[in-house]
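Engineer: Build me a structure from this.
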Amino acid sequence: MQCLSSNRYAVVVAAGQGKRMQSAVPKQFMLIKNKPLLIWTLENIITIDPCVHLILVLSKEHIPLWHKIAAEYDFNAPLQTVEGGEERFNSVKNGLKLVEPHSVVGIHDGVRPFVSHKVWNDCFTTAETKGNAVPVLPAKDSVRFCEDGSNKPLDRKKVMLVQTPQCFRSDLIIKAYEQPYLPSFTDDIQVLESFNNMKINLVEGNADNIKITEPFDILLAEHILTKNQIDYQ
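Structural biologist: Numbers count the residues shown, from 1 in each chain. Sure, this is the predicted structure:
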């Protein structure tokens, strides 16, 4: 496949422990259709964007496990590994240290294996021209806001569900990650907003781009693979 660009970086964050999965194996290494979840994610990125510079963020104790898995599943695409931190914020910050200036970087969850070609490219091209981009989907369910023991309805037409990759001009996001960590930072676009209150550009996400965090999500991922008739041997 033709290269989409030569100045793109992907920081794939896979340093979590996956406690909600209730498994002894971290979720990024769990098998889906006989292949580790993280391999699915990385192979999908490479298929979409074969010239992207891959940076894989792992917890220190999982780096040897990753090398073993990569060898076992014959994953030999070029990438750089970097040690994660105590919080996701610190892990992303460590990954960004390997990103070159004057580039565009997408920060992607290691447990989102099904981002589409269109969403990936739309996010990067939007960030290239406008500075940032985040993929979102509209809320389908009714939504309520809960605070201090009370709750009230929100207009779901005004609520968007956020996905990754969240893409940025490298100079913007690297500078934003120089600020101190706040517990309110749940994703990268919030880090940018806290540092530079610039307009956030929303890109339409894809429904299959799920974040696998709980046991049911494994079943859903297997269904997506079967539906798409992906070769998983």
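
Engineer: make it CA atoms for all contacts and neighbour counts henceforth
Structural biologist: Will do.

Engineer: mind listing the helices for this structure?
Structural biologist: For the chain, applying DSSP state H gives helices covering 37-48, 63-72, 88-96, 117-130, 170-176, 188-195, 215-227.

Engineer: Specify the stretch among those helices that is closest to Met30.
Structural biologist: Nearest of these to Met30, taken as C-alpha to C-alpha: helix 37-48 at 5.8 Å.

Engineer: Tell me the buried residues in that closest one?
Structural biologist: Leu37, Leu38, Ile39, Trp40, Thr41, Leu42, Asn44, Ile45, Ile46, Ile48 (16 or more other C-alpha atoms under 10 Å).

Engineer: next one: stretch 195-205
Structural biologist: By neighbour count on 16+ other C-alpha under 10 Å, the buried set for stretch 195-205 is Ile200, Asn201, Leu202, Val203, Glu204, Gly205.

Engineer: Make TSV out of the residues you listed and add distance to Gln28 and pLDDT.
Structural biologist: Output for these, formatted as TSV (distance: C-alpha to C-alpha, whole Å; pLDDT from 0 to 100):
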residue	distance to Gln28	pLDDT
Ile200	29	97
Asn201	29	98
Leu202	27	98
Val203	26	98
Glu204	25	98
Gly205	22	98
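
Engineer: Closest one of the residues you listed to Asp74?
Structural biologist: Using C-alpha to C-alpha, Gly205 is the member of the buried residues of stretch 195-205 that lies nearest Asp74, at 30.3 Å.

Engineer: Show the contacting residues for the closest one.
Structural biologist: Taking C-alpha atoms under 8 Å, 6 or more residues apart in numbering, we find Gly205 in contact with Val119, Pro135, Val136, Leu137, Gln163.

Engineer: State the distance from it to Lys118.
Structural biologist: Distance of Gly205 to Lys118, given as C-alpha to C-alpha, to the nearest Å: 9 Å.

Engineer: so where's this protein uncertain?
Structural biologist: 1-6, 17-24, 229-233 (pLDDT under 70).

Engineer: Would you format the helices of the chain as TSV with distance to Ala14 included?
Structural biologist: Output for these, formatted as TSV (distance: least, C-alpha to C-alpha, whole Å):
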stretch	distance to Ala14
helix 37-48	8
helix 63-72	10
helix 88-96	9
helix 117-130	18
helix 170-176	19
helix 188-195	15
helix 215-227	17
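
Engineer: Same question for stretch 160-178: list its buried residues.
Structural biologist: So stretch 160-178, judged by 16+ other C-alpha under 10 Å, has buried residues 162-171, 173-174, 176-177.

Engineer: export those to a markdown table and tack on distance to Leu79?
Structural biologist: Below are the buried residues of stretch 160-178 laid out as a markdown table (distance: C-alpha to C-alpha, whole Å):
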| residue | distance to Leu79 |
| --- | --- |
| Val162 | 26 |
| Gln163 | 23 |
| Thr164 | 19 |
| Pro165 | 17 |
| Gln166 | 19 |
| Cys167 | 19 |
| Phe168 | 20 |
| Arg169 | 20 |
| Ser170 | 18 |
| Asp171 | 21 |
| Ile173 | 21 |
| Ile174 | 20 |
| Ala176 | 24 |
| Tyr177 | 22 |
